[in-house]
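1. The following comprises the amino acid sequence and a computationally predicted model.
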Number of protein chains: 2
Amino acid sequence: MAKSEDDERPERISDAEHAVMETLWARSPLTAAEVCEAVCAERDWSLPTVKTLLSRLVTKQAVETRPDGRRFLYSPLLARDDYVGGESRRLMDRLFGGRAAPLFAHLAQDEALTDADIAEIEALLKELKQ
Amino acid sequence: MAKSEDDERPERISDAEHAVMETLWARSPLTAAEVCEAVCAERDWSLPTVKTLLSRLVTKQAVETRPDGRRFLYSPLLARDDYVGGESRRLMDRLFGGRAAPLFAHLAQDEALTDADIAEIEALLKELKQ
DNA sequence: GCACAACGACTACGCTTGTAAACATTAAGC
DNA sequence: GCTTAATGTTTACAAGCGTAGTCGTTGTGC
């Protein structure tokens, strides 16, 4: 159904790539060096690693480049919301039959919910119901 | 730091492996052939594939075997709840700063919540609050 | 003008994953 | 007893991933 082949089904973004995306979502456009500055300390990567990840993300059309002199400025093409939504749905589908309530129940049961969480969720529910 | 090598940090279970686990969680113990019967149709796998996945799961200590004549009966060692909990937490940590409320907010915003979900979650909340 | 530094592109390489065939063993039927 | 079917083990192999080095180009400081 409406899946022509120029329809880019978004290729999956790996864990390491995701870390790079987070950097760009936080601030962009950035040069490769700037991305490394932000992320290499935490993940203990070298600049070449970041460059590889960036080009893979460009290939996957999750990141776009704009030339700036002899270098590139990288910006996210994929919106964080879309990524996050996709991943959340994937998890729900795989583990909870696509339903949100069991996921929620699981979190509750694991005591993964803080009081603040509960309050927030209540507020959201109230909004949803009207 | 206290990471002796008999300390089993649970190795990650891949997508394909997860499908096999679901089969065993649904019913166990099963023979390899029975697992295939349950899962090969849907995923379009052959018996050898299932066998490979089963042995990888045994290596990862997610599945245990019991000899039954010349063949094996396979049972889950890893509890579904533990797996599901781990995966849920992973997602929450990676994408929502470890908080449940933003995850929930995202689901709500994507209209991934059915009326039934909402009702169930309300009930759960009520329980949590007392 | 030339050496050098910065940068992207290309290449590399071991590991995991998805998928499966080949092989060895053994219980079972004839 | 011998063939065969079932079953676990070993091996295979391409793609993806994590991690990084090398190469070629080009702007820059002297």
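-> Structure received. Numbers count the residues shown, from 1 in each chain, chains lettered A, B, ... in the order given.
2. count of residues packed around A:Phe104?
-> 24 (other C-beta atoms under 10 Å in any protein chain shown). Backbone N, C-alpha and C define where each C-beta goes, glycine included.
3. Report the secondary structure element holding it.
-> helix A:100-109 (DSSP states H and E).
4. and A:Leu128, which of the three is it?
-> Following DSSP: H, G, I helix; E, B strand; the rest coil, we place A:Leu128 in the helix state.
5. Just give me the neighbour total for it.
-> Count around A:Leu128 with other C-beta under 10 Å applied: 16.
6. And A:Arg89, by the same measure?
-> A:Arg89: 16 surrounding residues under other C-beta under 10 Å.
7. So which elements touch the helix holding A:Phe104?
-> Helix A:100-109 is packed against helix A:80-96, helix B:80-96, helix B:100-109, helix B:115-129, with contacts defined by 3 or more C-beta pairs under 8 Å, 6 or more residues apart in numbering or on different chains; DSSP states H and E.
8. Could you rerun that using 10 Å?
-> Secondary-structure packing of helix A:100-109 (3 or more C-beta pairs under 10 Å, 6 or more residues apart in numbering or on different chains; DSSP states H and E): helix A:80-96, helix A:115-129, helix B:80-96, helix B:100-109, helix B:115-129.
9. Could you list the low-confidence segments of chain A?
-> A:1-9 (pLDDT under 70).
10. Now with 90, please.
-> Applying pLDDT under 90 to chain A flags the ranges A:1-11, A:69-70, A:98-101, A:103-118, A:120-121, A:124-130.
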